[in-house]
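Chemist: Quick check, what structure comes out for this input:
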Amino acid sequence: MPANRQPIISVRDLTAQYGDRAVLEHVSFEVRRGEIFVILGGSGCGKSTLMKCLIGLYQPAAGSVFIDGENFSAADADTHARLLRKIGVMYQSGALFGSMTVQENVRLPLDEYTALPVAAKRAVVASKLALVGLRDASFKLPAELSGGMIKRAAIARALALNPAIVFLDEPSAGLDPVTSADLDQTIIGLSRDLGVTFVIVTHELASIYTLADRCIMLDAATKGIIASGRPADLRDRPPNDLVKSFFHRQPLTTQPGLRQPS
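Modeler: Down below sits the predicted model:
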């Protein structure tokens, strides 16, 4: 990934808290257009909170999130709605509606946000399902799908409106290693063929090494970013013991200011 690509997401001095309890403090980073960017860290480090701020579900206590150069955090209702059209989200469970077929689930964003005729919607849905390898699953219900197929259907739905950015929350969670590896290759193919920027929350090391152009690592004790860069660089030249323990799957050596694993 060329380092000179312009940022599509800029996070500036972001602080997020629940009541009086700060989860993240003074977090700043950029995601470049077209890259696969991974947010990682241990349980309770603020990964989910950060993702909610990035997709507009949670308002930061301070700081800003910029999407394509516009202040998403401070946007008025019309601008906020317009910027949301640039974002697609796949939640960890897939969040498919159990009473709807796969094609009906994928068509939901088109029904909600477009006035396309029915035939056009069907064509869009068919193309998105083909992209994720689910061409033959259109009329199946979620209960008839494997875990990997559910994740693929959820990604197809996230792509329905041709977003510039797709957020994936723990895409490999609950999948066996082979299915997870297949899904990783699908994500790489989508990134390459569509030019979509992916922001992925995960702690699966195999996927991190395979997918990430760059990553940031959050820490609960410091409430911020303790490492950033290419996964291989963080593995080979970790800046502290917590990062070393994570990337080498080793017990954590006690370090002042760094939390012990739960």
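Chemist: From the contact counts, what lies against the longest helix along the chain?
Modeler: Using DSSP state H to define each element, the chain has its longest helix at helix 177-194. If contacts are counted by 3 or more Cβ pairs under 8 Å, 6 or more residues apart in numbering; DSSP states H and E, helix 177-194 sits against strand 36-41, helix 118-131, helix 147-158, strand 197-201, helix 205-211. Glycine gets a C-beta too; all of them are placed from N, C-alpha and C.
Chemist: Run the chain-centre distance for the shortest one.
Modeler: Here strand 197-201 is found 4 Å from its chain centre; the criterion is Cα atoms, centre = their mean, to the nearest Å.
Chemist: Can you point out the buried residues in the longest helix of the chain?
Modeler: Going by neighbour count (16 or more other Cβ atoms under 10 Å), the buried part of helix 177-194 is 179-180, 183-184, 186-187, 190-191, 194.
Chemist: average pLDDT across it?
Modeler: For helix 177-194, mean pLDDT rounds to 95.
Chemist: Excluding its own residues, what touches that helix? List them.
Modeler: Helix 177-194 has contacts (Cβ atoms under 8 Å, 6 or more residues apart in numbering) with 34-36, 131-133, 146-148, 151-152, 155, 159, 166, 168, 171-172, 175, 196-198, 200, 204, 206-207, 210-211.
Chemist: burial count for Glu144?
Modeler: The local packing of Glu144 (other Cβ atoms under 10 Å) involves 11 other residues.
Chemist: Report how many residues lie close to Tyr113.
Modeler: Tyr113 has 13 neighbouring residues, counting by other Cβ under 10 Å.
Chemist: Kindly report the same for the one 3 residues further on.
Modeler: Around Leu116 sit 14 other residues, with neighbours defined as other Cβ under 10 Å.
Chemist: correct me, but Ala95 touches Ile155?
Modeler: No - the pair Ala95 and Ile155 fails to qualify as a contact (Cβ atoms under 8 Å) at a distance of 11.7 Å.
Chemist: The two: who's more crowded?
Modeler: Set side by side, Ala95 and Ile155 show more neighbours around Ile155, with 26 against 14, by other Cβ under 10 Å.
Chemist: Show the residue spans covered by the strands in this protein.
Modeler: For the chain, the strands defined by DSSP state E cover 7-18, 21-32, 36-41, 62-67, 70-71, 87-90, 165-169, 197-201, 214-219, 224-229.
Chemist: now these in a markdown table, with distance to Cys53?
Modeler: Converted to a markdown table, these look like this (distance: least, Cβ to Cβ, whole Å):
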| stretch | distance to Cys53 |
| --- | --- |
| strand 7-18 | 6 |
| strand 21-32 | 8 |
| strand 36-41 | 11 |
| strand 62-67 | 6 |
| strand 70-71 | 13 |
| strand 87-90 | 12 |
| strand 165-169 | 11 |
| strand 197-201 | 12 |
| strand 214-219 | 12 |
| strand 224-229 | 14 |
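Chemist: Next, format the ones you listed as JSON lines and append mean neighbour count.
Modeler: Below are these laid out as JSON lines (neighbours: other Cβ atoms under 10 Å):
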{"stretch": "strand 7-18", "mean neighbour count": "18"}
{"stretch": "strand 21-32", "mean neighbour count": "17"}
{"stretch": "strand 36-41", "mean neighbour count": "24"}
{"stretch": "strand 62-67", "mean neighbour count": "19"}
{"stretch": "strand 70-71", "mean neighbour count": "14"}
{"stretch": "strand 87-90", "mean neighbour count": "23"}
{"stretch": "strand 165-169", "mean neighbour count": "23"}
{"stretch": "strand 197-201", "mean neighbour count": "24"}
{"stretch": "strand 214-219", "mean neighbour count": "23"}
{"stretch": "strand 224-229", "mean neighbour count": "18"}
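Chemist: Understood, closing this out.
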